[in-house]
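Q: here's my sequence, what's the structure:
(2 chains)
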Amino acid sequence: MTGTTTGTALGAPAERREGRQKVTGAARYAAEYALPGRTHAWPVPAAVARGRITAVDTSAALALPGVLAVLTHTDAPRLAEPEDGTLAVLQGPAVPHRGWCAALAVAETPEQARAAARAVRVTYDTAPHDAELTEDHPAGYEPEQAGGQPGRAEYGDPVAAFAGAEVRVDVTYRIPPLHNHAMEPHATTAQWDGDRLTLYTSTQGGTTVRSVLARLFRLPEEDVTVVAEHVGGGFGSKGTPRSDVVLAAMAARHTGRPVTLAHPRRSLPTVVGHRAPTVQRLRLGAHPDGRLTALLHEVTTHTSRVKEYVEHAAGVSRVMYATPNLLSSHHVVPLDVPTPSWMRAPGHASGMYALESAVDELAHALGMDPVELRLRNEPEREPVSGRPFSSRHVVECLREGARRFGWAGRDPSPGVRREGPLLIGTGVAAATYPAMVSPSTASAEARPDGTFVVRVNAADIGTGARTVLAQIAADALGVPLDRVRTEVGHTDLPPAPMAADSSGTASWGWAVHEACTRLAAHPEEGPTVRADTTGKADADSPYARHAFGAHFAEAAVDTVTGEIRVRRLLGIFAAGRILNARTAHSQFTGAMIMGLGMALTESSTLDPAFGDFPEADLASYHVPVHADIPDIEADWIDEHDTHLNPMGSKGIGEIGIVGTAAALGNAVHHATGIRFRELPLTPDRILAGLLSERRR
Amino acid sequence: MNGFGYLRPGSVQEAAEAYAAHPGARYLAGGTNLVDLMKLGVERPALLIDIGRLPLDALEELPDGSLRVGATVRNSDLAADPRVRDRWPALSQALLSGASAQLRNAATTGGNLLQRTRCPYFQDVDKPCNKREPGTGCAARAGVHRDHAVLGHSEQCIATHPSDMAVALAALDARVELYGTEGTRSMPVADFHRLPGEHPDRDTWIRPGELITGVLLPAATARVPSAYRKARDRASYAFALASVAVALRVTDGIVDQVGIAFGGLAHRPWRARHTELALLGGPAGPDAFEGAVALELAHAEPLRDNAYKVSLARNLALDVLNRLAPAPAPA
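A: The predicted structure is shown next:
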């Protein structure tokens, strides 16, 4: 299908169109819409993990200068019941977790609003709470669904096959809660004009925000306008609206003034979601030649009392390897904790850490090269569904990566490469992420001056969506790139799905491609042609569609301090056609860095005594800094797949983080000879491991 | 934040008088910690006395070879000063291992000494903390305390002092100079911070209204080989899990001068007096170092989740001591 395009724009390393605006500060973000009369809201976080609000004393807060109102559950606007319980804020006295919004202060300035919020006195009827995830928790259950798939998949007789396997690995891995922490906090500026609501908000999907808010406030969708011109990152946590949108709209309604609410950094961990912690038991049974005979992947995770969210980490085991006996299952425990949600490559990032670490352990048990072991278990069809792959080049990624990394001739012996106090090791892991696509609309307009305008309510969350959509349009129109302008981030534009699940470009691009192709072929339909891919983009595919990749890592472990320094990180990906070499490279390396953080530095602790996370700022939640980032390289192999979309592309926003942590963990094992099965690999754990090894 | 007064005094004396006259006043210099704490509601000063423009920003070499560092000398300037780099290298290294470049450009010498613990419970006004609110209890003891103290802590408080700079100053026998309405005085940096004991709300021995005017780097430690090493959760912009500053002079194989201080282990920079006493006048070498360091760390009382700090501190100290000790003459 890509053969129908004529231009050369697609794939070119076009520069991000809004780059200059961003680096000069001209790009406006949600909290920066200083509308006339604009006020500021500040939430009062609940200070108990479970209970009921019995009283809210607002008198001291209301007496402070500049304070306009304090909204509580007794006087806040009544909302229609939301599908997403996290949006039912200020609707009742129940406190489902610590940090839940107990009241909302509104004042002329953010500082006054903050002071007012602190002066609000909330009293609670506190109930005993439980915030501690254990594998045998009595409240745990098997969810029907996990990540849109059945919670359990099973075929053959995995337990018996494992018991009878000649080579066995039975290991458990642990990942702590992790936080998205986008640079721009969740923020909204809301304004009412009669019964019309305008929202400037930081979101991955303005169309979704409009439909959700229209429902909550019982408005026709056309009376809600959502503007999200620039978004400072989301990593999944802005996929659906969060409480900032609802609270800002409520406060604006209540005060009759425009209101900005930017969630303080310290609130984000409890109110916008987190990657749920997982305990993952992996059992791999194999023949001595490396072929798997059984694969069992069992995940225990938590969710909140507000809604069920299941970190679908076992899903990856339904895609990766050929096995005659499989179990992939989830077990979820509802606790008095903040609600978990999507974080970059939800399910997959966690699941592939465990699966790809276990595969490395199996390679070690077999005395087999871990690249070779993966090649021997390459499935012909997707294991559970039985569908053929639309394209699958994980083998090519592993081989190309091995070649570029210099894997050949690697001494597999762990713990033998010393440079003074340093132990050096290398590791590998595979990656996979589904190639998803959703229906979208878009329009293309031919202007009298020979230029074109493409319109779609896409969200550019820092990925370069504006730029790549212009490339898709220019290619379909057969015109130079500079003759195409893109308009995104506004609900006046044709509706579109959210930037999530690595599906944004495929979904929006398909509609853009269709509109532009028709406009080019039939100019008489113009000047504006509108396309809607409903029925095509969501049509069932007979193919299993996934992107794949391989990570190679080299790490140095300091035996004095237990500190790990990554020396090299190489990712090779097979993700369909790469539509912009520059922004794609940036997405791959950005995700690999996030994977490095998951492996080595990032961690939130769910404090059982309080039910929240002590790591509430960027000084204590350790996102990697420049000094942590080594020689990092990302590249891709050309992949031609005609079963995806007219561009032949797969999503690339998430696959870069999938498998990175396993490659690093495997490198640390190769360096030290010790298996560390709990992330992150911080100096305390490494040092303790090294010392207990020495004592043996 | 809450409303507060703001005053820019014209002299040290005026600053101290203003402090004495205004209960609830705080001195403001770089503001890198105080302003954060005000935003958090941990600090609620009635008056900020901005000492940022007082003439305390000079580095002055004294006739005896010591160096007086003004209280408002920026961390980045102090780290980059050629005299400091040359004569007290541990101090320069410690400063550069702290915070980020932007913070070091703003943070001052006096402010660095007076920064508060980063214990997450201290920073959260909705949780108990004896340091922030005496008598409410210590949430860290049963809670998340991987970063907390292993030496000198009390039932009331297990917080650590976060400074890197102060650790080097303690090892280098630096003195802190104070001005108060009752006169000036000075004391060793190593003794400036308190152990938490029954009064964890008091970080230091500073008297109400006293102002740090400077720090004196003594001639006695100038050019003594010194170094600082810090272990942390990421390569930059993270507080010490543990750190060590060592100044060590070995003459003819014998230790004739030594100063050792640990960071990240206690409520103050932990001067390792037991180790120093054991080493002084004895032979320098790996075995001697190992035994002497063990003497100090034998006093450690780790909590549930921070026993690693004892091994970490030991490794750091031995690494730096062995690095600073001259290789033994060939037999």
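
Q: distance of B:Leu62 from B:Ala222?
A: 11 Å (C-beta to C-beta, to the nearest Å). Backbone N, C-alpha and C define where each C-beta goes, glycine included.

Q: give me the more crowded residue out of the two.
A: With neighbours defined as other C-beta atoms under 10 Å in any protein chain shown, B:Leu62 and B:Ala222 compare such that B:Ala222 has more, 19 against 12.

Q: what sits closest to the more buried one if chain neighbours are left out?
A: Distances taken as C-beta to C-beta, 6 or more residues apart in numbering or on different chains place B:Arg87 nearest to B:Ala222, at 4.0 Å, with adjacent residues excluded.

Q: any idea how far that neighbour lies from B:Gly70?
A: 17 Å.

Q: what sits against residue 105?
A: Just so you know, I chose chain A. A:Ala105 makes contacts with A:41-44, A:61, A:67, A:69-70, A:113-114, A:116-117, A:120, as judged by C-beta atoms under 8 Å, 6 or more residues apart in numbering or on different chains.

Q: not what I meant, chain B
A: B:Arg74, B:Asn75, B:Ser76.

Q: got a pLDDT number for it?
A: B:Asn105 is assigned a pLDDT of 98 by the prediction.

Q: where does A:Ala349 fall, secondary structure wise?
A: According to DSSP states H and E, A:Ala349 maps onto helix A:348-366.

Q: helices or strands up against the next helix or strand after that helix?
A: Later in the chain than helix A:348-366, the nearest helix or strand by DSSP H and E is helix A:370-376. Contact partners of helix A:370-376 among helices and strands, from 3 or more C-beta pairs under 8 Å, 6 or more residues apart in numbering or on different chains; DSSP states H and E: helix A:348-366, helix A:394-405, strand A:422-434.

Q: kindly recompute the last result at 10 Å.
A: Packing contacts for helix A:370-376, counted by 3 or more C-beta pairs under 10 Å, 6 or more residues apart in numbering or on different chains; DSSP states H and E, involve helix A:348-366, helix A:394-405, strand A:422-434, strand A:546-558, helix A:660-672.

Q: list just the one of the ones you listed that sits closest to A:Asp492.
A: strand A:422-434 (31.4 Å; C-beta to C-beta).

Q: is that closest one anywhere near chain B?
A: No. Against chain B, strand A:422-434 shows no contacts by C-beta under 10 Å from any C-beta of the partner chain, the least distance being 12.3 Å.

Q: buried residues in that strand, which are they?
A: A:422-434 (16 or more other C-beta atoms under 10 Å in any protein chain shown).

Q: which regions of chain B sit below the pLDDT cut-off?
A: Along chain B, segments meeting pLDDT under 70 span B:1, B:329-331.

Q: in it, which spans are strands?
A: B:5-7, B:25-28, B:47-50, B:59-61, B:67-70, B:175-180, B:183-188, B:211-217, B:226-231, B:242-251, B:254-263, B:270-271 (DSSP state E).

Q: what sits up against the last one?
A: If you take C-beta atoms under 10 Å, 6 or more residues apart in numbering or on different chains as the criterion, strand B:270-271 is touched by B:149-152, B:160-161, B:167, B:170-171, B:173, B:188-191, B:193, B:195, B:242, B:244-245, B:259-264, B:296-297, B:299-300, B:313.

Q: just the ones of those in helices?
A: B:Val167, B:Ala170, B:Ala171, B:Val189, B:Ala190, B:Asp191, B:Glu296, B:Leu297, B:Ala313 (DSSP state H).

Q: Three-state assignment for the residue of the stretch 201-350 of chain A found nearest chain B, please.
A: Nearest residue of the stretch 201-350 of chain A to chain B (C-beta to the nearest C-beta) works out as A:Arg266 at 7.8 Å. Under DSSP: H, G, I helix; E, B strand; the rest coil, the three-state class of A:Arg266 is helix.

Q: skipping adjacent residues, who's closest to it in space?
A: Using C-beta to C-beta, 6+ apart, the nearest residue to A:Arg266 is A:Ala616, at 4.3 Å.

Q: that neighbour reaches A:Val271, doesn't it?
A: No. Here A:Ala616 lies out of contact with A:Val271, judged by C-beta atoms under 10 Å, at a distance of 11.5 Å.

Q: tell me the contacts of the residue lying closest to B:Leu324 once chain neighbours are set aside?
A: Among residues not flanking B:Leu324 along the chain, B:Leu248 sits closest, at 4.4 Å (C-beta to C-beta, 6+ apart). Residues near B:Leu248 by C-beta under 10 Å, 6+ apart: B:171, B:224-227, B:255-260, B:276, B:279, B:284, B:289, B:320-326.

Q: buried ones from the residues you listed, can you make that a PyMOL selection?
A: Those of the contacts of B:Leu248 that count as buried under 16+ other C-beta under 10 Å are selected in PyMOL with:
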select buried, chain B and resi 171+224+225+226+227+255+257+258+259+260+276+279+284+289+320+321+324+325
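
Q: coming back round to it: now for the ones in helices among the contacts of strand B:270-271: which two are most distant?
A: Pairwise over these, using C-beta to C-beta, the maximum falls at B:Val189 and B:Leu297, 21.6 Å.

Q: who's more crowded, those two?
A: Shown here are B:Val189 and B:Leu297; by other C-beta under 10 Å, B:Val189 has more neighbours (28 against 21).

Q: for that one, give its distance to chain A.
A: B:Val189 is 24 Å from chain A, where distance means C-beta to the nearest C-beta, to the nearest Å.

Q: so how far is A:Gly656 from that residue?
A: 47 Å.

Q: try B:Pro200
A: Separation of B:Pro200 from A:Gly656 (C-beta to C-beta): 45 Å.

Q: more neighbours, those two?
A: A:Gly656 (33 against 26).

Q: wait, doesn't that one sit right on A:Thr432?
A: No. In this structure, A:Gly656 is not within contact of A:Thr432 by C-beta under 10 Å, at 11.9 Å.

Q: between those two, what contacts are shared?
A: What both A:Gly656 and A:Thr432 touch, as defined by C-beta under 10 Å, 6+ apart, is the set A:Ala345, A:Ala547, A:Gly549.

Q: picking up where we left off before, shared neighbours, A:Ala616 and A:Val271?
A: With C-beta under 10 Å, 6+ apart as the test, A:Ala616 and A:Val271 both reach A:Gly99, A:Pro264.

Q: per-residue pLDDT, the spatially closest residue to A:Ser503 that is not a sequence neighbour?
A: Closest residue in space to A:Ser503, ignoring its immediate chain neighbours: A:Met436 at 4.0 Å, by C-beta to C-beta, 6+ apart. Per-residue pLDDT puts A:Met436 at 96.

Q: isn't A:Met436 right up against A:Ala500?
A: Yes. Counting by C-beta under 10 Å, A:Ala500 is a contact partner of A:Met436 at 8.8 Å.

Q: who has more neighbours, these two?
A: Legend: neighbour count by other C-beta under 10 Å for A:Met436 and A:Ala500, higher for A:Ala500 (26 against 19).

Q: so the more buried one: helix, strand or coil?
A: Reduced to three states by three-state DSSP, A:Ala500 is coil.

Q: which residue packs closest to it, ignoring adjacent ones?
A: A:Gly239 (4.2 Å).

Q: which of the contacts of strand B:270-271 are buried? Put it as a PyMOL command.
A: Buried residues among the contacts of strand B:270-271 (16+ other C-beta under 10 Å), as a PyMOL selection:
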select buried, chain B and resi 149+150+151+152+160+161+167+170+171+173+189+190+193+195+242+244+245+259+260+261+262+263+264+296+297+300+313
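
Q: all strands in the stretch 51-200 of chain A, in order from the N-terminus.
A: A:51-57, A:67-71, A:94-95, A:101-107, A:121-126, A:145-146, A:149-150, A:153-155, A:167-175, A:187-193, A:196-201 (DSSP state E, counting those that start in this stretch).

Q: what sits closest to the most centrally placed residue in chain A if chain neighbours are left out?
A: In chain A, the C-alpha nearest the mean C-alpha coordinate belongs to A:Arg344, at 1.9 Å (C-alpha atoms, centre = their mean). Nearest residue to A:Arg344 in three dimensions, chain neighbours excluded: A:Phe235, at 4.6 Å (C-beta to C-beta, 6+ apart).
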